[in-house]
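[1] Test case, fold it:
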Amino acid sequence: MNDFILERGHPNPLGASVTKNGINFAVFSKHATQLYLCIFENDAEIARFPFTNKTQFIWHIEIKGLSDIHTYGFRAEGPFDPKHHHLFNINKLLMDPYAKDFTEKLSWHPDQSTINLNGDINNEDSAHCVPKSIIFTPPAQNRPPRIEILPQQRCLYELHVKGFSQQLGIEDHLKGTYLGVVTKEGLGHLKSLGVSTIQLMPCFSFATESRLMELQLTNYWGYNPISFFAPEKSYAIDDAIIEFKAMVDGLRSAGFEVILDVVYNHTAESELHQSSVCYKGLDNAIYYRNENGRYLNYTGCGNCIDTFQEMSLRLIMDSMRYWVEEMGIDGFRFDLGVDLGRTQHEFSPNAPLLQAIMQDPTLQKVCLVSEPWDIGPNGYQVGQFPNGFLECNDQYRDTLRRFWRGDESQTQALATRLMGSRDYFHKGSKSPLTSVNYITYHDGYTLRDLVSYHRRHNLANMENNRDGHGDNISQNFGTEGPSTDDSINQQRLNQQLCLLATLLLSQGTPHILGGDELSHTQNGNNNAYCQDNETTWLNWGHSSDRLAITSAISTLLALRKQHPILAETHLPDDPLYQHLEADVIEWFNEDGRLMSIEDWNEPERDFLSVLMSRGSTTKSSLWVGFYREDTPINIIFPKGTRKIRSLFNTNGITLKEDYIECLYRSAFVLEIDRFE
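    A predicted model of the protein is given here:
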């Protein structure tokens, strides 16, 4: 301690920053009566300094003579008053919310708790079981340039770092890592698909819930962060920061945009009696939404970040800028994004955090995708986010599943979804590209399981099969799970191809779940968040199904690039496109006639097609059609068709002189000369 000289320091930037002669520390707490800086060397606390300077509730100190070989943490004194949400406890070592790295991955220990189930204080010291914060200075680097993606050519591919590379045919030490993603094998596969954007599942440093640890399970998905700055250590070989950047640089050099699935709605500190390792111990009443001594749990995860508080807003904004400017990502997908748009309780598109993001010179340029719901009051807000946000569209998912399953009265809903869900993303206000269309996401069935299972099979999650969605709008084609019947397996493959074709021939921004192109199965588990095993690790074995599906995806994505009308149509009654020549859109039935009112209202209608022409002077049109029955049908060409060629079709389709012979459920896109 005699080698250290204490100076006043500065309130900005928050966190630990290297100065000319030492390290400056700055940390926020409005309600603490005293904060302490604890210095560690080889995991032993060698010094403890009280913060003696405070500027607008930011405590700061500079330690001269300190270097980045030391690690640190904080302790906080203040009222222990659970009724008013104050849980200060000097015995709890606290991680720096702004730390860029930690000595180890956080693991639950009972000594981390600051309050017992009976409401009494827990005075056990937690320094032995809390990761120490690392002093980090980012080195200067030359990074590959950002990839500019045209919005109408964007296709998201959802990728779990470990799951993608754990069973990939690469060197063992690279499996399950950031660097494994950008091996020749990994990049080669991604490039072969034609997707534009890699959507990484959470890479913030996260922890496994105590309940899962008791069940000898782990949090696999990563939706349980403890830090909004530090990358997850378990995906790294040596240095998570360096290797995450290397992954981003490798993806960018290969031509991909990279966005990160982020969890700003809650933290791994969980419920009141669980961990107090960071925000809870620094200022529980500020960081978490609370009322009458309890958390407002709008996330279902035990706590909820109070994004209406100035310092929570600043924390999130600083984190986002760090991941863009320093870590190199090109955008964000916000888990339970409605929490970002809540004021004191209610959602508003004009909420402070959403407005802050949209005006920020750095963040307004990146790709922003929101999951537009949470479980709080009025938590379903599809179509209500500010312009500039894309939104996950579960209405699209459910309509497509119902149509292809054969449910009645789906024709009008399908047409609405195909045209960009204008009932939610209104004309004159938002482009159809705002709708992130998907059939499958990480939380649910894989595409193969969607056509193989009628019921969830989640017993491995140790919740007596009660977790996960109960109504999956799925179809098993007569057998639950794997089948040795070739006809059933052929039906299942064809259904996957029809669903993917519909997805990639719809207006909007498509999203593909990583592994669906491999016909990956989770054996009917539709909530595999705790399965860090072959259930979730992608199976890279070659199969005829994989070849058929990957070929369909690459062909259809190439068509979207060649024909932008497939992604974004300029409708004549949409004021958003009044400065452009309007496209021509016409709907046809199987008899080659325009859809009548009776056709639209037919409950068991099985065929729908749309003829799309880019402006009135285009020489050819695209004819896109979907047939969902398994009995043969002849589909008559639209009147006046002179020449026709197939751009894509699923199996069972043959072009005749003036009609399509369709043996069973199919999807197609044909190019035809414009008819008179």
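[2] Dead centre of the chain: give me the residue that sits there.
    Residue closest to the average C-alpha location in the chain (Cα atoms, centre = their mean): D261, at 3.9 Å.
[3] which residues of the chain fall in helices?
    For the chain, the helices defined by DSSP state H occupy 161-165, 178-181, 184-193, 210-214, 240-253, 279-287, 310-325, 352-359, 394-405, 411-418, 447-450, 486-504, 544-562, 597-601.
[4] which helices and strands sit right next to the fifth one?
    Under the contact definition 3 or more Cβ pairs under 8 Å, 6 or more residues apart in numbering; DSSP states H and E, helix 240-253 sits against helix 178-181, helix 184-193, strand 257-262. C-beta here means a position set from N, CA and C on the backbone, and glycine is covered the same way.
[5] 6 Å instead, please
    With contacts defined as 3 or more Cβ pairs under 6 Å, 6 or more residues apart in numbering; DSSP states H and E, the secondary structure elements packing on helix 240-253 are helix 178-181.
[6] Same check on the first one?
    Applying 3+ Cβ pairs under 6 Å, 6+ apart, one finds that helix 161-165 contacts helix 178-181.
[7] Any chance you could list what contacts the helix it packs on?
    Contacts to helix 178-181, defined as Cβ atoms under 6 Å, 6 or more residues apart in numbering, come from residues 161, 164-165, 170, 174, 235, 243-244, 247.
[8] same question, stretch 5-14
    Here stretch 5-14 has contacts from 24, 26, 53, 55, 58, 60-62, 64-65, 98, using Cβ under 6 Å, 6+ apart.
[9] I286: which of those residues is nearest?
    I58 (12.3 Å; Cβ to Cβ).
[10] Quick check: that closest one touching F28?
    Yes: at 5.2 Å, I58 counts as touching F28 under the criterion of Cβ atoms under 6 Å.
[11] Who has more neighbours out of these two?
    The residue with the greater number of neighbours, taking I58 and F28 and applying other Cβ atoms under 10 Å, is F28; the counts read 25 against 18.
[12] List the contacts of G478.
    G478 makes contact with no residue, according to Cβ under 6 Å, 6+ apart.
[13] Got phi/psi on it?
    Dihedral angles phi and psi of G478 (degrees, to the nearest 10) take the values phi 100, psi -10.
[14] Quickly name whichever of the contacts of helix 178-181 is closest to D360.
    Ranked by distance to D360 (Cβ to Cβ), the contacts of helix 178-181 are led by F244 at 22.3 Å.
[15] measure the closest one to I226 for me?
    With distances taken as Cβ to Cβ, to the nearest Å, F244 is found 16 Å from I226.
[16] tell me the domain boundaries of the chain?
    Domain assignment for the chain, taken from automatic domain parsing, gives 5-134, 152-264+312-566, 575-673.
[17] and the gap between T631 and G652?
    According to Cβ to Cβ, T631 stands 11 Å off from G652.
[18] more neighbours, these two?
    Neighbour comparison, T631 and G652: the larger count goes to G652, with 17 against 10 (by other Cβ under 10 Å).
[19] From T631, how far out is the closest residue to that one other than its chain neighbours?
    What sits nearest to G652 in space, not counting adjacent residues and going by Cβ to Cβ, 6 or more residues apart in numbering, is L663, at 4.0 Å. According to Cβ to Cβ, L663 and T631 sit 9 Å apart.
[20] what do you get for L557?
    Relative to T631, and taking Cβ to Cβ, L557 is found at 31 Å.
[21] And D125, by the same measure?
    Spatial separation of D125 from T631 under the definition Cβ to Cβ is 73 Å.
[22] try T137
    Distance, T137 to T631, by Cβ to Cβ: 68 Å.
[23] next one: S620
    S620 sits 31 Å away from T631, going by Cβ to Cβ.
[24] ditto for N297
    Following Cβ to Cβ, the distance that separates N297 from T631 is 50 Å.
[25] ditto for Q522
    The separation that Q522 has from T631, given Cβ to Cβ, amounts to 32 Å.
[26] rewinding a little: of F244 and I226, who's got more company?
    Residue environment comparison for F244 versus I226 gives the larger neighbour count to F244, 25 against 22, counting by other Cβ under 10 Å.
[27] contacting residues for S646?
    Neighbour list for S646: L670 [criterion: Cβ under 6 Å, 6+ apart].
[28] Tell me the bridge partners for it.
    Using DSSP bridges, the bridge partners assigned to S646 are L670.
[29] any idea how far it is from G625?
    In this view, S646 and G625 are 11 Å apart by Cβ to Cβ.
[30] what does the model give E676 for pLDDT?
    According to the model's per-residue confidence, E676 sits at a pLDDT of 55.
[31] what's the neighbour count on N303?
    26.
[32] circling back to that earlier point, dig out what the residue nearest to the centre of the chain forms beta bridges with.
    Taking DSSP bridges, one finds R333 as the beta-bridge partners of D261.
[33] how about it, what does it touch?
    If you count contacts by Cβ under 6 Å, 6+ apart, D261 has them with 201-202, 333.
[34] quick one: pLDDT of D43?
    For D43, the model assigns a pLDDT of 89.
[35] quick one on the thing from earlier: now list the buried members of the contacts of stretch 5-14.
    24, 26, 53, 58, 60-62, 64, 98 (16 or more other Cβ atoms under 10 Å).
[36] among those, which are in strands?
    24, 26, 53, 58, 60-62, 64 (DSSP state E).
[37] Now do H160 against L538, distance only.
    Taking Cβ to Cβ as the criterion, H160 is separated from L538 by 8 Å.
[38] More neighbours: which of these two?
    H160 (26 against 23).
[39] Now that one: closest residue in space that isn't a chain neighbour?
    M201 (4.5 Å).
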